[in-house]
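S.K.: how does the following fold in three dimensions:
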Amino acid sequence: MLKNIIPCYLNIEIEVLFYIIKKKSTTLNDVSASLGVSKRIVKENIIKINTSMEDYFSVIGFIVSNNFGSICVNSNYKYCSLEYAYNLRLYLLKSNVLFNCCVKLVTHSKISREHLIRSLFISEYYLPKLIHKLNIFFEEFGITILNNQGIYCLEGNELSIRLFSYLFLQDAFQEVDWPFEDIPKPQQILQNSDKWASTKKRALYLLYTVLSIRVADNKFLIAPFSKDMMSFFEIIYQDFDISSLIHPNFFSIIKLGKSKKIEMLYFSFLSRIFLPYIFSMEQKKKLGKYFSTSEHPFCILAKKIFTKIASLINVNGLENNERKYLYLYYIVIFNAWCLLNDENKDVLSFYIPFTHFELPQNTLLFSKIKEEILSVVNDRKHTNLLSNLICSLSISEKKGQLSIYIQVIKSFTTEIFIRNRLTSFYNKQNIYITDSYDEADIVITDTYERFNKSSGKEIFYLDSIEDELILNELNELIRIKYREKLRNN
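M.R.: Next comes the predicted model:
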């Protein structure tokens, strides 16, 4: 979303920054090839990043390199690199006037021409150019900027305005800063707020503040035209009492009874998508179980889809009922969300990113799922997004088994130490100790081991259990080999 509003050079600088901090180490060639820019541009942006870090945060030499061409974050900032990166990202975004103009418009229901010119430090002649650019950007969201006698405001699909505002501000400001100038965080809207992580609390504060700004200007959501959608909202609302989490006064800003009920129905449904952590896995399965017997049109459609794809994702038989309920939950919720955005499905990709599957077996699975769903859903965009969701869920369920054989002969206690350490670290259903050398994926040994390289076994030499660095290397090897198992399943 942000990529479409800031200039290319700023995008590249942010991409270079985050590519490097996510890697233990990298090279110019690697960054250049991955981001599709020249090595010269990568070098220039590393210099820019280091200069900005020093200017803004007095951090000297944030990104360093050695004589072998390795590039990484300075070890002095290893544990705070992400914090520095997000702070710098926001500084860079705020250096762009188009971004700042967008922030002003989404954090105010109405804003005067004079306020925009003064706060953005621009001329009266430049403002119309900014508004024109933003109108082009907003077009795909069903939003437009209206100018009524020098007062600017966002108009269009009210749901799109709110969701765009929430997602845009959430992405841009993260935990770094609060985007609203005159409105403090509404910290009294949560019950038992001490049980919530700060990021989750902030997401709800942001959603509530966007809601309050729109409602204060009498901008309400209208009831869905579809009776099926309205009755589905009622099912979701009755399934979980959202008031058990939020303060009873949460919706007191809405005075009209009918509007309040509609706002509560929307909020209850949208929480399933934008605040999914509110609901436990057991609550999702419980609702999925209800969907499995419901005759609501949305549930009937989901059951038809599930029947088509069950064998592809290996969810058959009574023993898989809980998995079935979870799939039904996600399919029904997604379909409802897709139908709610029926007139503008392109915008869904901003809220539900499309995953590109690298492995051939995953690409094939996606194609087969899509083919089956197309026989039920006569809409290619809807089918593409739903197939992507189901394929991603199926891939995430994949489990592999990694076997480790311990062959230690120099010390009486080393074997039991390694065995206890590994069994305490890892789930034995996925990573386990075997007594069979032949079936082992990894052999841990303290002696020279002659082995057949074509066997696929990984030999790890461990001569001391007192060296934490060696033990960390062993853990890293286990993780790498386990990921390979998952990829090859």
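
S.K.: so who does D30 touch?
M.R.: Going by C-beta atoms under 8 Å, 6 or more residues apart in numbering, D30 touches K23. Any C-beta I mention is one placed from the backbone N, CA and C, and that applies to glycine too.

S.K.: pretty sure it is in a helix, no?
M.R.: Yes: secondary structure of D30 (DSSP: H, G, I helix; E, B strand; the rest coil): part of a helix.

S.K.: per-residue confidence at it?
M.R.: Note on D30: pLDDT of 94.

S.K.: one more: the one 5 residues further on?
M.R.: We have a pLDDT of 93 for L35.

S.K.: what about the closest residue to it other than its chain neighbours, distance to W196?
M.R.: Once flanking residues are discounted, L35 sits nearest to E15: 5.4 Å by C-beta to C-beta, 6 or more residues apart in numbering. Taking C-beta to C-beta, to the nearest Å as the measure, E15 falls 32 Å from W196.

S.K.: same question, Q174
M.R.: 17 Å.

S.K.: can you check Q188 too?
M.R.: 13 Å.

S.K.: so these two - more neighbours on which side?
M.R.: Per other C-beta atoms under 10 Å, whichever of Q188 and W196 has more neighbours is W196, with 17 against 10.

S.K.: and the pLDDT for that one?
M.R.: For W196, pLDDT reads 72.

S.K.: contacting residues around K457?
M.R.: A440, D441, I442, V443, F451.

S.K.: ok, D441 touching I404?
M.R.: Yes: here D441 reaches I404: they are 7.1 Å apart, a contact under C-beta atoms under 8 Å.

S.K.: tell me the mean pLDDT for the helix or strand harbouring I333?
M.R.: Using DSSP states H and E, I333 falls within helix 321-340. Average pLDDT, helix 321-340: 92.

S.K.: ok, stretch 261-269 next?
M.R.: What stretch 261-269 shows for mean pLDDT is 88.

S.K.: likewise stretch 124-139?
M.R.: 94.

S.K.: ditto for stretch 287-302
M.R.: 95.

S.K.: and what of stretch 99-108?
M.R.: Here the average pLDDT along stretch 99-108 is 96.

S.K.: can you give the contact residues for it?
M.R.: With contact meaning C-beta under 8 Å, 6+ apart, stretch 99-108 is reached by 2, 5-6, 93-94, 111, 115-116, 119-120, 130-131, 134, 137, 145, 152-154, 161, 164-165, 168-169, 172, 179-181, 210, 213.

S.K.: centre of the chain versus that stretch, how much separation?
M.R.: 23 Å (C-alpha atoms, centre = their mean, to the nearest Å).

S.K.: can I have it written out in CSV, keeping just the CAs?
M.R.: The C-alpha coordinates for stretch 99-108 follow below in CSV (Å, rounded to 0.1, in the frame of the first residue of the first chain):
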residue,chain,number,x,y,z
PHE,A,99,2.6,10.8,2.5
ASN,A,100,2.1,13.7,5.0
CYS,A,101,-0.8,15.0,3.0
CYS,A,102,-2.4,11.5,3.1
VAL,A,103,-1.9,11.3,6.8
LYS,A,104,-3.6,14.6,7.3
LEU,A,105,-6.6,13.6,5.3
VAL,A,106,-7.2,10.2,7.0
THR,A,107,-6.7,11.6,10.5
HIS,A,108,-9.2,14.3,10.1
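
S.K.: list the buried ones in that stretch?
M.R.: F99, N100, C101, C102, V103, K104, L105, V106, T107, H108 (16 or more other C-beta atoms under 10 Å).

S.K.: out of the residues you listed, flag the one nearest to K481.
M.R.: F99 (43.7 Å; C-beta to C-beta).

S.K.: I figured L422 was touching L402, is that so?
M.R.: No: contact criterion C-beta under 8 Å: L422 and L402 do not qualify, at 10.5 Å.

S.K.: shared neighbours of these two, anything?
M.R.: What both L422 and L402 touch, as defined by C-beta under 8 Å, 6+ apart, is the set I431, I478.

S.K.: buried ones among the contacts of K457?
M.R.: Those of the contacts of K457 that meet the buried threshold are A440, D441, I442, V443, by 16+ other C-beta under 10 Å.

S.K.: now render those as JSON lines, adding distance to A203 and pLDDT.
M.R.: JSON lines is the format used below for the buried ones among the contacts of K457 (distance: C-beta to C-beta, whole Å; pLDDT from 0 to 100):
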{"residue": "A440", "distance to A203": "45", "pLDDT": "87"}
{"residue": "D441", "distance to A203": "41", "pLDDT": "88"}
{"residue": "I442", "distance to A203": "41", "pLDDT": "89"}
{"residue": "V443", "distance to A203": "46", "pLDDT": "88"}
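
S.K.: which of these sits closest to T383?
M.R.: Of these, the one sitting nearest to T383 (C-beta to C-beta) turns out to be D441, at 38.6 Å.

S.K.: what's the spacing between that closest one and I480?
M.R.: D441 is 11 Å from I480, by C-beta to C-beta.

S.K.: next: K227.
M.R.: K227 is 53 Å from I480, by C-beta to C-beta.

S.K.: equivalent analysis for L93, please.
M.R.: Taken as C-beta to C-beta, the span from L93 to I480 is 35 Å.

S.K.: cheers, nothing more for now.
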